[in-house]
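>>> pasting a predicted model and its sequence here:
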Amino acid sequence: MKLLKLTFALALGMASVAHAESHTLIQKDKHFDQATIKIKKGDTIVFKNEEKDITHNVFSLGPTNAFELKTQAPGSSSEVKFDKPGTVDVECAIHPTMKLKVTVE
């Protein structure tokens, strides 16, 4: 019986991990392709720079899920995992027009 309970607990744990999703946001023309996005706790966002010759520096300084991608060259992608629920304001340190609001549920 203990083995059955342990197996069930492990299966539940794996199921919650398996549901994490990856979302791709495009950076083009000094903007994100979305102004807002809702994701689940544990999901990742791939920030993809599709500019031809423009570098970005995407970051968030908020109390939850703070990060900084530093220099992101044209054609490169960077992934960020969002582990905490809440609202995250994302910006580019180089281009003030690049703003994104991520809601982590």
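Sure, I can see it.

>>> from here on, just use CA atoms for contacts and neighbour counts.
OK.

>>> for Thr24, list each beta-bridge partner.
Going by DSSP bridges, Thr24 is paired in beta bridges with Val46.

>>> contact partners for it?
Listed by Cα atoms under 8 Å, 6 or more residues apart in numbering, the contact partners of Thr24 are Ile45, Val46, Phe47, Lys48.

>>> can you pull the pLDDT of the third one?
Read that as Phe47. We note a pLDDT of 98 for Phe47 in this prediction.

>>> neighbours of it, how many?
20 (other Cα atoms under 10 Å).

>>> that one touches Ile26, doesn't it?
Yes: with contact defined as Cα atoms under 8 Å, Phe47 counts as touching Ile26 (6.2 Å).

>>> report the buried members of the contacts of Thr24.
Burial by neighbour count, judged by 16 or more other Cα atoms under 10 Å, picks out Ile45, Phe47, Lys48 from the contacts of Thr24.

>>> chain neighbours aside, what residue packs nearest to the last one?
In space, not counting the residues next to it along the chain, Lys48 is nearest to Ser77; the distance is 4.3 Å by Cα to Cα, 6 or more residues apart in numbering.

>>> measure that neighbour to Pro85 for me?
Separation of Ser77 from Pro85 (Cα to Cα, to the nearest Å) stands at 24 Å.

>>> also Pro96?
Going from Pro96 to Pro85 by Cα to Cα gives 25 Å.

>>> looking at the two, which one has more neighbours?
Higher neighbour count among Pro96 and Pro85: Pro85, with 16 against 10, using other Cα under 10 Å.

>>> surely the more buried one meets Lys41?
Yes: at 5.9 Å, Pro85 counts as touching Lys41 under the criterion of Cα under 8 Å.

>>> what's the overlap in contacts for those two?
Both Pro85 and Lys41 are contacted by Val104, Glu105, under the criterion Cα under 8 Å, 6+ apart.

>>> and Ile37, what element?
In the assignment (DSSP states H and E), Ile37 maps to strand 36-39.
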